[in-house]
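J.: Below: sequence and its predicted model.
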Amino acid sequence: MSEPRIELVAVRREFAGGAGVHGVDLAIAPGEIHALVGLNGAGKTTLMRLMLGMLRPDSGVVRIDGVALPDLPSGAWARVGHLVEQALAYGELDLRTNLRLAARLHGATRNEAGGLADAAIEELGLARYARVRARRLSLGNRQRIGLAAALQHHPDLIVLDEPTNALDPAGVILLREAIVRRAAAGAGILVSSHHLDEVARIADRISVMNDGRLIGSLDPGATDLERAFFALVHADDLERRAA
Ligand SMILES: Nc1ncnc2c1ncn2[C@@H]1O[C@H](COP(=O)(O)OP(=O)(O)OP(=O)(O)O)[C@@H](O)[C@H]1O
């Protein structure tokens, strides 16, 4: 089997008060779309921040393409695309300039950056807004900029935290198609969501997170995902209360 795009072994990060991520193992293969679902506060964003080196684990290891994060050469981050928390855009610059800059930060040459930005603008339905300053854009279109910046350089590893937030139905479809395209090209993708049916359309695997742990998985082809999700969460809550 090929090397996972990313692998987490016993990753733990505990905040004061006890919340956090309490020992997570996870591997995402090239070409895999892996969905992460869980209630508010389950630890999804924290897990993603640990995967991206934004947060240091108390213990455990995160490897990208087999290399532990502290040893990862800085150039390797150019092969990663992510949107975790807020989409970063310079309000005074237009949408296309923002995307060109993001492409440059991901290692594209000046010539390549324009082409990547134009392709992403097309892919995410942003052509009408290409020359509009970011601060004038709607919330959903700012989210589209963040997604375009995360995807435009065709990364090998993609991490998206609730990417459909603020997107209209057309945006949801464009994003879905873009994610499937990246996976078909070999990217490993982790995407969190509160929309079970939405992620089930594209995910190869769905992991359920509860109280900082991965407690099980859902079959993306199953009919009543909501019921299966709550059954897992309730059983886990009961088990921990009994312990
Ligand atoms: N820097 C921090 N310091 C203390 N506690 C934190 C910190 N960051 C997150 N937490 C806590 O860790 C837990 C997990 O938060 P996290 O944001 O990872 O959850 P989530 O699954 O992404 O939630 P949501 O679905 O609401 O986005 C929460 O209880 C949160 O309050």
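T.: It's in.
J.: If the residue nearest to Arg5 when sequence neighbours are not counted is in a bridge, with which residues?
T.: Excluding the flanking residues, the one nearest Arg5 by C-beta to C-beta, 6 or more residues apart in numbering is Gly188, at 2.9 Å. (C-beta placed from N, C-alpha, C; glycine too.) Note on Gly188: beta-bridge partners by DSSP bridges are Leu157.
J.: Can you report how many residues lie near Gly188?
T.: Gly188 has 26 neighbours, counted by other C-beta atoms under 10 Å.
J.: In the protein, mark out all the helices, start to finish.
T.: When secondary structure is read from DSSP state H, the chain shows helices at 44-51, 95-105, 110-123, 139-151, 169-184, 196-202, 225-242.
J.: For the ligand, which of those helices is the nearest?
T.: Of all those, helix 44-51 sits nearest to the ligand, with 3.3 Å by C-beta to the nearest ligand atom.
J.: which helices and strands does the closest one pack with?
T.: Judged by 3 or more C-beta pairs under 8 Å, 6 or more residues apart in numbering; DSSP states H and E, the packing partners of helix 44-51 are strand 6-14, strand 20-28, strand 33-38, strand 157-161, strand 188-192.
J.: CA atoms only for that helix, dumped as PDB, please.
T.: The C-alpha coordinates for helix 44-51 follow below in PDB (Å, rounded to 0.1, in the frame of the first residue of the first chain):
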ATOM      1  CA  LYS A  44     -12.400  18.500  14.900                       C
ATOM      2  CA  THR A  45     -10.800  21.900  14.500                       C
ATOM      3  CA  THR A  46      -8.200  21.200  17.200                       C
ATOM      4  CA  LEU A  47      -7.300  17.900  15.400                       C
ATOM      5  CA  MET A  48      -6.900  19.800  12.100                       C
ATOM      6  CA  ARG A  49      -4.700  22.400  13.700                       C
ATOM      7  CA  LEU A  50      -2.500  19.600  15.100                       C
ATOM      8  CA  MET A  51      -2.300  18.000  11.600                       C
END
